[in-house]
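1. My questions concern the predicted model and sequence given below.
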Amino acid sequence: MFKKLFGKENQADKHIEIYAPITGKFVDIEDIPDPVFSQKMMGEGFGIEPTEGVVVSPIDGKVDNVFPTSHALGLKADNGLELLLHIGLDTVQLNGEGFKVLVESGDTVNVGDPLVEFDLDFINQNAKSIISPVIITNTDQTENIDIQKNDHLERNETKVIDVTMS
C-alpha cells in the first residue's frame, strides 16, 4: 500500500526461475528421507542426490542466512522468494566439518555464483543422507510453482522450478 502512495511502482518481477544449485540426480520432495522435508513442513521444493561437492546460487538475490554449522543457507530474491539450500540430511550434527562456505549473510549473488564447497565422501559417511533439499520456505506467498522433473541436474544450467509470487 505505501509503495502505491509514494509512487514506488517498480516492483520486482513476480516470475522467477530456480536453477539446480548442485549437479546430481533429481529427487522428488516426497522421496526425501526426512519427514520435515518430504511432508512439505518447510515448503515446496525438491531434492538432489549430489555427484559433486559444489553448491552455486540457483537464483539472483541476496544471501539471507548462513547457518553457523555451514550445512545450509537461505537466499532471498528481489521479488520476495525465500529459498533454503540444505546440504545432506542431519548434517547440522557435523558442526561445520566437511563444509566450506564461500559467502556471508548480506552478500548479493547471481545464478551460478559459488556458495559452498563440501566433502561429498565425508558427508556420505557421517550424515543420514547426502540428499540435499532445495525448499521454497515461503510457499504460502506464491501463486504458482511448476517443478520440472529432470533425471539429471547440472548446476547452474538445469532450470528446475518456475515460480510466480503472489
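-> Looks like it arrived, so ask away.

2. Can I take it that residue 112 is in a helix?
-> No: counting by DSSP: H, G, I helix; E, B strand; the rest coil, residue 112 falls outside a helix, being coil.

3. burial count for it?
-> 14 (other C-beta atoms under 10 Å). Where you see a C-beta, it was placed from the backbone N, CA and C, and this is true even at glycine.

4. which residues of this protein fall in strands?
-> Using DSSP state E, the strands found in the chain span residues 15-19, 24-28, 44-50, 54-56, 61-66, 72-76, 82-86, 99-101, 108-109, 114-118, 132-136, 142-147, 152-153, 159-165.

5. Just say which of those is most tucked in.
-> Of all those, strand 132-136 has the most neighbours on average by mean count of other C-beta atoms under 10 Å, namely a mean of 26.

6. relative to strand 82-86, how tilted is that one?
-> For strand 132-136 against strand 82-86, the angle by axes from the mean of the first three to the mean of the last three C-alpha atoms, to 10 degrees is 170 degrees.

7. Kindly provide the distance from residue 42 to residue 97.
-> For residue 42, the distance to residue 97 equals 24 Å [C-beta to C-beta, to the nearest Å].

8. higher neighbour count, those two?
-> Neighbour count, other C-beta under 10 Å: between residue 42 and residue 97, residue 42 has more, with 17 against 14.

9. any idea how far the closest residue to that one other than its chain neighbours is from residue 44?
-> Nearest non-adjacent residue to residue 42, counting by C-beta to C-beta, 6 or more residues apart in numbering: residue 135, 4.8 Å away. Applying C-beta to C-beta, the value for residue 135 to residue 44 is 7 Å.

10. so what sits against both of the two?
-> Residues touching both residue 135 and residue 44 (C-beta atoms under 8 Å, 6 or more residues apart in numbering): there are none.

11. who's residue 108 bridged to?
-> residue 62 (DSSP bridges).

12. Pretty sure residue 17 sits against residue 164.
-> No: with contact defined as C-beta atoms under 8 Å, residue 17 does not reach residue 164; the gap is 10.7 Å.

13. if I pick the residue nearest to residue 124 when sequence neighbours are not counted, what's in contact with it?
-> Nearest residue to residue 124, sequence neighbours excluded (C-beta to C-beta, 6+ apart): residue 130, at 4.9 Å. By C-beta under 8 Å, 6+ apart, the contact set of residue 130 is 49-50, 88, 120, 123-124.
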